[in-house]
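Enquirer: Predicted model and sequence follow; I will ask about them next.
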Amino acid sequence: MLGKIGAAMAGTVIAFARALPVIIRDLTGLAAVGSISYGAWLIAPPAGYITGGALVLVGVVLASVNDRKAS
């Protein structure tokens, strides 16, 4: 019983370790978008919202293009 639990936990840890670079990349990208949007907001509050929306839209379009290339 404990052997099965240990094997399941090991599999989970391995899967998380494989996903970690992707998670770090995504969190870094979100931090960059937030920083750019906040900087624009310091200049003019509407500019922050416009910049943030534009950056998210660009990211979604790029992700969509990558998904089409992969399939």
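Expert: Perfect, I can see it now.
Enquirer: For this structure, which segments count as strands?
Expert: Counting by DSSP state E, the chain has no strands at all.
Enquirer: max-length helix in it?
Expert: helix 2-43 (DSSP state H).
Enquirer: Centre of the chain to that one, how far?
Expert: 7 Å (CA atoms, centre = their mean, to the nearest Å).
Enquirer: So for it, mean pLDDT?
Expert: Mean pLDDT, helix 2-43: 88.
Enquirer: helices or strands next to that helix in the packing?
Expert: The contact analysis (3 or more CB pairs under 8 Å, 6 or more residues apart in numbering; DSSP states H and E) places helix 2-43 against helix 45-70. C-beta: built from backbone N, CA, C; applies to glycine.
Enquirer: How far away from the center of its chain is the helix it packs on?
Expert: 12 Å.
Enquirer: If we go by neighbour counts, what in it is buried?
Expert: 48, 51-52, 55 (16 or more other CB atoms under 10 Å).
Enquirer: could I get those residues as TSV with distance to residue 20 and pLDDT?
Expert: As requested, those are exported to TSV (distance: CB to CB, whole Å; pLDDT from 0 to 100):
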residue	distance to residue 20	pLDDT
48	31	94
51	29	95
52	26	93
55	24	94
